[in-house]
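Enquirer: Below is the sequence, then the predicted model.
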Amino acid sequence: MSSSTAPAARPLTAAALKAACSTCGLRELCLPVGLNAAEMQRLDGLVAQRRSVKRGESLYRAGQSFDALYAVRTGFFKTCTSSEDGREHVTGFQMAGELLGLDGISTDRHTCGAVALEDSQVCVIPYQQLESLSRDFTELQRQFHRIMGREIVRDHGVMMLLGSMRAEERLAAFLLNLAQRLKARGFSPTSLILRMTREEIGTYLGLKLETVSRCFSKFHEDGVLRVHQRQVQILDEAALQALVSGAAT
């Protein structure tokens, strides 16, 4: 996997930012909530660059200096770390409307890498400028804190998956979470195209590849899912919910 080269800065107008907020990854940061024209102009100056990342390329790598956050505008990413023996461990999957790079805030270096699972585009948000702007715009600071809180909740959810759930329960929770996130972006919550491989799902959920494949096959045979390669149709959402609810009791 090779690092992609950032293209030349591409200035955005305030009007373009407003129009893009409903679908762009920046909507959680720059959604115009009572900002006046001067404030929108400062936001416009902050997010002055978009970067395209081809499938299989790294947006950033573990150990790299942290200087910016990245809002996923289009596409899909995985974040991952590598063990000493070179094995990859997936720590998360990010789609349009979500932020990448939060792992670098505490140490000024990225603790994991981010790799595009399909051709993607991100908006580059210089972190120091974001901090400065957040101090001036209370609503922007509040939105950023919401995002940080959501990431903490998500991390706790993954810990629960790995600590207390059986294999089928883990996969059910993963699919329901993915469907919920896609629904929030206007996509079908029942017709999923998995951008990640079975192996990547397994490393994220703490399962072997064979176990993930077996669980998919069982869900298919039981009429819970219709599975064809990376296309997954959720036929019985209630059955998935029952598995997850049973694990939580």
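Expert: Okay, I see it.
Enquirer: Next up, identify which helix or strand the residue nearest the centre of the chain is on.
Expert: When the chain is reduced to its mean C-alpha position, the nearest residue by C-alpha atoms, centre = their mean turns out to be residue 94, at 1.5 Å. In this structure, residue 94 is located in strand 88-95 according to DSSP states H and E.
Enquirer: and that strand, what other elements does it pack with?
Expert: On a contact count with 3 or more C-beta pairs under 8 Å, 6 or more residues apart in numbering; DSSP states H and E, strand 88-95 meets strand 76-82, helix 167-184, helix 198-205. Where you see a C-beta, it was placed from the backbone N, CA and C, and this is true even at glycine.
Enquirer: any idea how far residue 99 is from the closest residue to residue 94 other than its chain neighbours?
Expert: Counting by C-beta to C-beta, 6 or more residues apart in numbering, the nearest residue to residue 94 once its immediate chain neighbours are dropped is residue 77, at 4.6 Å. When distances are taken as C-beta to C-beta, to the nearest Å, residue 77 and residue 99 turn out to be 11 Å apart.
Enquirer: can you check residue 195 too?
Expert: When C-beta to C-beta is the yardstick, residue 195 and residue 99 sit 18 Å from each other.
Enquirer: try residue 83
Expert: From residue 83 across to residue 99, the span is 26 Å (C-beta to C-beta).
Enquirer: okay, those two: which has more neighbours?
Expert: When residue 83 and residue 99 are compared for neighbours, residue 99 comes out ahead with 22 against 8, by other C-beta atoms under 10 Å.
Enquirer: can you pull up the bridge partners for the more buried one?
Expert: Beta-bridge pairing of residue 99 under DSSP bridges involves residue 71.
Enquirer: about what we covered before: any idea how many residues pack against the residue nearest to residue 94?
Expert: 26.
Enquirer: can I assume it is in contact with residue 59?
Expert: Yes. Applying C-beta atoms under 8 Å, one finds residue 77 in contact with residue 59, separated by 6.8 Å.
Enquirer: gap between the closest residue to residue 200 other than its chain neighbours and residue 119?
Expert: Nearest non-adjacent residue to residue 200, counting by C-beta to C-beta, 6+ apart: residue 90, 5.1 Å away. As defined by C-beta to C-beta, residue 90 lies at a distance of 19 Å from residue 119.
Enquirer: In the longest helix seen in the chain, which residues are buried?
Expert: Among the elements of the chain assigned as helix by DSSP state H, the one spanning the most residues is helix 138-164. Applying a neighbour-count criterion of 16 or more other C-beta atoms under 10 Å, one finds 140, 143, 144, 158, 161 buried in helix 138-164.
Enquirer: how far away is the third one from residue 71?
Expert: Residue 144 sits 12 Å away from residue 71 when distances are taken as C-beta to C-beta.
Enquirer: try the fourth one
Expert: If you measure residue 158 against residue 71 using C-beta to C-beta, the figure is 22 Å.
Enquirer: Residue 227 - how many residues pack around it?
Expert: Look at residue 227: counted by other C-beta under 10 Å, it has 17 neighbours.
Enquirer: My guess is it contacts residue 214. True?
Expert: No. Using C-beta under 8 Å, residue 227 makes no contact with residue 214, being 12.0 Å away.
Enquirer: So what does residue 116 have for phi and psi?
Expert: Dihedral pair for residue 116: phi -80, psi 130, per degrees, to the nearest 10.
Enquirer: Look up the pLDDT of it for me, please.
Expert: Per-residue confidence for residue 116 comes out at a pLDDT of 98.
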